[in-house]
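Chemist: Here is my input, please return the structure:
(one chain, ligands or ions: 1)
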Amino acid sequence: MIRDQSTMDALLETVDRFVQERLVPVEALVAETNEIPQEIVDEMKYIGLFGLTIPEEYGGLGLTMEEEARVMFSMGRTSPSFRSVFGTTIGIGSQGIVLDGTMEQKTKYLPRFASGEWIGSFALTEPDAGSDAASLRTTAVRDGDFYIINGTKRYITNAPQASAFTVMARTNMADKSAQGVSAFIVEATTPGLSIGKIDKKMGQQGAHTADVVFDACRVPVSQLIGQVEGQGFKTAMKVLEKGRIHLAALCVGTAERLIQDALRYAVERKQFGKPIGEFQLIQAMLADSQTETYAAKCMVLDAARRRDEGHDVSTEASCSKLFASEMCGRVADRVVQIFGGAGYIADYGIERFYRDVRLFRIYEGTSQIQQLVIARNLLKEKRAAMGV
Ligand code: COS
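Modeler: Reported below is the predicted structural model:
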């Protein structure tokens, strides 16, 4: 749903200009230094990127899912690490509070996130709990007006920069299932919370991940999201469901960018006396890439619109994430092929995208988890229809 077309057009024009004029020129620098320049982060705050999904009453833009997806199409046209600067804050790092937080929690945290003053991060994954997120071992034991949190969270995006984490921890030790898990807002300065060293990754330099370690970390009971125990896993799943549409949109934008790079190269590069774009085998790779990108875009927009209409989109969100992330991997692979030797050489930036997009098939639920969610939902619906 687009609430106001002219406001949306203005926002997209601003983001497009920011991406092309400010981000694309520093892609190589960011990859080289593994840092995003502070002035770029400040400009993101100024444009309002940290508040895209925060409701307007808390200082954000309150974008609908379709509006958010369209902004992500634009953000995808540069290195994905730029999106990560504000991506966890507008996504998994804040949405638990937006969806399930109390009024006090929203009032305290959301305006800080929306302005970019605070970075929000999401701590679900652990050394022994990845795809099987419900098996998490981090504990939160009630002690008077506090919970004492112990455990380690792994691969946490923006952990070194975050001011507050949404942390999933087990409050009911007798219940090893998802029902024993609760969600907390834990401020980074809370005694007992520490951040591990920054991980060395395959790609997406400039976006940092690290362990978050809780060692007898005392968190006031007021930090329990929604003030209800046992709801934390559901909160996490709802947050991830929305995040999957967001990421699928990013995949579409990145594929579009790569196709544009490939087209430029295909027009300029000459072999056998003519531009390589005139060869049908190159054209086939371009056509397949465009077709798949278009298909993913249609899926993302449909899933987003259904969510805006209030439908359950668990299946559509997973279908979109699965198809768009796998599609983006195939497009990146073909574009390396079209560039040939240049595609393998760092100066052209194509091999960097090839590495960067590999994460799309892994984070916020691997492709295999999306398949599992889709199949489970289908079978559940069929069983219900058959009354078995
Ligand atoms: N919205 C609302 N509630 C949801 C939900 C959703 N999208 N998905 C699941 N739930 C609820 C279920 O309804 C169930 O509640 P009830 O017990 O009341 O029925 C509860 O959450 C547990 O769900 P389920 O039984 O499906 O949990 P499982 O442990 O079997 O597995 C998967 C769930 C595998 C789908 C889940 O662990 C998952 O998504 N794993 C991947 C995690 C991930 O994406 N990690 C990436 C890192 S975080 S960036």
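Chemist: where does residue 203 fall, phi/psi-wise?
Modeler: Phi and psi for residue 203, reported as degrees, to the nearest 10, are phi -160, psi -160.
Chemist: go on, residue 205?
Modeler: phi -60, psi 140.
Chemist: and it, how many neighbours?
Modeler: 21 (other Cβ atoms under 10 Å). C-beta coordinates here come from the backbone N, C-alpha and C atoms, glycine included.
Chemist: now do residue 260
Modeler: If we define neighbours as other Cβ under 10 Å, then residue 260 has 12 of them.
Chemist: got a list of what residue 320 touches?
Modeler: Residue 320 sits next to 244-245, 248, 296, 299-300, 303 when contact means Cβ atoms under 8 Å, 6 or more residues apart in numbering.
Chemist: try residue 326
Modeler: Here residue 326 is in contact with 361, 367 (Cβ under 8 Å, 6+ apart).
Chemist: Averaged pLDDT, the helix or strand it falls within. What do you get?
Modeler: If you go by DSSP states H and E, residue 326 is part of helix 314-339. Helix 314-339 comes out with an average pLDDT of 98.
Chemist: list the helices and strands the next helix or strand along the chain from that helix packs on?
Modeler: Once helix 314-339 ends, the next helix or strand along the chain (criterion: DSSP H and E) is helix 341-344. Applying 3 or more Cβ pairs under 8 Å, 6 or more residues apart in numbering; DSSP states H and E, we find helix 341-344 packed against helix 314-339, helix 350-356.
Chemist: and the helix or strand following the last one, anywhere near the ligand?
Modeler: Right, helix 350-356. Per DSSP H and E, the first helix or strand lying C-terminal to helix 350-356 is helix 367-386. Yes. Using Cβ under 6 Å from any ligand atom, helix 367-386 reaches the ligand at 369, 372-373.
Chemist: Filter those down to the buried ones, ChimeraX style.
Modeler: To isolate the buried ones among these in ChimeraX, judged by 16 or more other Cβ atoms under 10 Å, type:
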select :369,373
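Chemist: Let's have the residues of helix 367-386 next to the ligand in a markdown table, adding pLDDT.
Modeler: Below are those laid out as a markdown table (pLDDT from 0 to 100):
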| residue | pLDDT |
| --- | --- |
| 369 | 98 |
| 372 | 98 |
| 373 | 98 |
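Chemist: can you redo the residues of helix 367-386 next to the ligand as a markdown table with distance to residue 102?
Modeler: Formatted as a markdown table, the residues of helix 367-386 next to the ligand follow (distance: Cβ to Cβ, whole Å):
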| residue | distance to residue 102 |
| --- | --- |
| 369 | 30 |
| 372 | 32 |
| 373 | 29 |
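Chemist: got the angle between the host helix or strand of residue 262 and helix 314-339?
Modeler: Following DSSP H and E, one finds residue 262 within helix 232-268. If you take axes from the mean of the first three to the mean of the last three Cα atoms, to 10 degrees, helix 232-268 sits at 30 degrees to helix 314-339.
Chemist: separation between residue 363 and the ligand?
Modeler: 5 Å (Cβ to the nearest ligand atom, to the nearest Å).
Chemist: ok, so of the residues of helix 367-386 next to the ligand, who is nearest residue 380?
Modeler: residue 373 (10.6 Å; Cβ to Cβ).
Chemist: which ones are touching the closest one?
Modeler: 314-315, 318, 365.
Chemist: for residue 129, what are its contacts?
Modeler: Contacts for residue 129 (Cβ under 8 Å, 6+ apart) come out as 135-137.
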